[in-house]
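Enquirer: Provide a 3D model corresponding to the input given below.
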Amino acid sequence: MAFSTLQKLASHVAKNPSISLSSRAVIARYSASSTARTSSAKVSDRIVNLSAIDPDGIKQDVVGISGHTLLKALTNKGLIDPASHRLEDIEACSAECEVHIAQEWLDKLPPPSYDEQYVLRRNSRNRVLNKHSRLGCQVILTQELQGMVVAVPEPRPWDTP
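Expert: Purely as a prediction, here's the structure:
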């Protein structure tokens, strides 16, 4: 019941251009999450294995779940401090969950929203957007991303408490 309602809402959003980008992102996130939950009963079928390169240059294996965010997987591994990112919501984001994604994997992701680009630009030192930068809170894991490689940059001095 709830899933069909969510699908109807998602199709309404796609047809209605007056809905804000942040609302579209939230609905897309939850519809992707709901699809992942209903399409597979076993958690083992939803596992997404990733590789992350930490700020020291060490490659680490990270396990995520389809429908969850990349931020959640990196936080569970201890590569991003959970206290540094309060909510998985673009309005609350301060780019502390910024990651760099290899080009071949960027092509498999939906393009960043205007809000995501704004947050990344706002928090970069010279206001230039790195084409490999994405916010971990905005990247939803899918089975297509199996084996994805991400780099977690060093915290900037202004991000450190």
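
Enquirer: touching, T142 and S66? I think so.
Expert: Yes - contact criterion C-beta atoms under 8 Å: T142 and S66 qualify, at 5.6 Å. Using the backbone N, CA and C atoms, a C-beta is placed for each residue, glycine as well.

Enquirer: what does the helix or strand encompassing H100 contact?
Expert: Assigned by DSSP states H and E, H100 falls within strand 98-101. Strand 98-101 is contacted from outside by 52, 70, 74, 109, 120, 123, 130, 132-136, 139, 148-153, using C-beta atoms under 8 Å, 6 or more residues apart in numbering.

Enquirer: average model confidence for the very next helix or strand once past that strand?
Expert: Once the chain leaves strand 98-101, the next helix or strand it forms, by DSSP H and E, is helix 103-106. Averaging pLDDT along helix 103-106 yields 90.

Enquirer: now Q143. Nearest residue, chain neighbours left out?
Expert: Leaving aside its sequence neighbours, Q143 sits nearest to S66 (C-beta to C-beta, 6 or more residues apart in numbering; 5.8 Å).

Enquirer: which stretches in this structure count as strands?
Expert: Ranges of strands in the chain, per DSSP state E, are 47-53, 59-65, 98-101, 133-135, 149-151.

Enquirer: what residue ranges in this structure score low on pLDDT?
Expert: Within the chain, the segments meeting pLDDT under 70 span 1-41, 84-92, 94-95, 125-128, 155-161.

Enquirer: recalculate using a threshold of 50.
Expert: Across the chain, the ranges flagged by pLDDT under 50 are 1-3, 35-38, 40, 160-161.

Enquirer: helices along that one, start to end?
Expert: Using DSSP state H, the helices found in the chain span residues 2-15, 21-39, 70-77, 103-106, 114-123.
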